[in-house]
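> kindly return the folded structure for what I paste below:
(one chain, ligands or ions: 1)
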Amino acid sequence: MRKKIVAGNWKMNKNLQEGIELAKELNEALAADKPNCDVVICTPFIHLAKVSDIIDHSVIGLGAENCADKAKGAFTGEVSAEMVKSTGAEYVILGHSERREYYNETPEILKEKVLLALENGLKVIFCIGESLEQREANQQNEVVKAELEGSVFNLSAEDFQKIVIAYEPIWAIGTGKTATSDQAEEIHAYIRSVIEQKYGKEVADNTSILYGGSCKASNAPELFAKPDIDGGLIGGASLKCADFKGIIDAWK
Ligand code: PEP
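Numbers count the residues shown, from 1 in each chain. Now for the predicted structure:
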């Protein structure tokens, strides 16, 4: 059975002290009220080692928001997958639309990042999703298929099972505009069918596909009730413990 997951993406928010406070608060809240799903928080690099010491990893997984496309060496300012892993993190988000758009991360670069993350024992939350223009031109299916083919369909079936897919329509990220649960379910089912064509039914059935894009406690229950939506990747609403916990509780 595939995992139900609620993952937070803090993006470039929270200084170290604020991040530690949020991680402590969430750790306490989930110790008091155990979640019915896997919970992951993806934090800025500088928070990882400290947050790793604070959280109960049997309840909260830890992830980075990015890693380098090179293993090591003279790449000033970069952080490798091996470094991420050495902090105690278990996950890394790759392919987020903000990285693709603002930092020119191409499918080829992402392919390298995915390989390095897996080589270093990290699980990858791989983001895909169309822009508003692409949605209006009804190109969303071909966009997500191409994103999968471009960066993760080179993997063996065994390695592909270390990937969590996050479908994030770009027009819904941080905009307050959520895909309807029917819109999201339609494309999640399509993504699963594409995975099935490539890796077979068992792998497709075992792949967690998260929805991301203005997901909050008020809309999470309806989204998560859909058969092909296995949880959420949460930006803005992961920055306050009560908001994030509200989404986690949508699985109850
Ligand atoms: C995200 O960027 O991964 C995201 C889903 O953001 P938000 O929840 O703020 O729309």
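> what ranges do the strands span in this structure?
Secondary structure of the chain, counting by DSSP state E: strands at 5-9, 38-43, 60-64, 91-94, 123-128, 163-167, 209-212, 231-234.
> in CSV: these, plus mean neighbour count.
All C-beta spots, glycine's among them, are computed from the backbone N, C-alpha and C. Shown next, in CSV, are the strands of the chain (neighbours: other CB atoms under 10 Å):
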stretch, mean neighbour count
strand 5-9, 26
strand 38-43, 25
strand 60-64, 22
strand 91-94, 26
strand 123-128, 25
strand 163-167, 25
strand 209-212, 27
strand 231-234, 29
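> compare those and give me the one nearest residue 149.
For the strands of the chain, the distance to residue 149 is smallest for strand 123-128, at 10.4 Å, taking CB to CB.
> what's the angle from the closest one to strand 163-167?
Interaxial angle of strand 123-128 relative to strand 163-167 (axes from the mean of the first three to the mean of the last three CA atoms, to 10 degrees): 30 degrees.
> mind putting the strands of the chain into a markdown table with mean pLDDT and distance to the ligand?
A markdown table is the format used below for these (pLDDT from 0 to 100; distance: least, CB to the nearest ligand atom, whole Å):
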| stretch | mean pLDDT | distance to the ligand |
| --- | --- | --- |
| strand 5-9 | 98 | 4 |
| strand 38-43 | 98 | 9 |
| strand 60-64 | 98 | 12 |
| strand 91-94 | 98 | 8 |
| strand 123-128 | 98 | 7 |
| strand 163-167 | 98 | 7 |
| strand 209-212 | 98 | 3 |
| strand 231-234 | 98 | 5 |
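> tell me where the stretch 151-252 of the chain has helices.
Assigned by DSSP state H, counting those that start in this stretch, the helices in the stretch 151-252 of the chain fall at 157-160, 181-199, 201-206, 220-224, 241-248.
> counting neighbours, what do you get for the residue in the stretch 101-250 of the chain positioned nearest to the ligand?
Using CB to the nearest ligand atom, the closest approach of the stretch 101-250 of the chain to the ligand is made by residue 235 at 2.2 Å. Neighbour count for residue 235, taken as other CB atoms under 10 Å: 22.
> with the one 4 residues further on instead?
Burial measure for residue 239: 18 neighbouring residues, criterion other CB under 10 Å.
> okay, residue 22 and residue 233: tell me how far apart.
17 Å (CB to CB, to the nearest Å).
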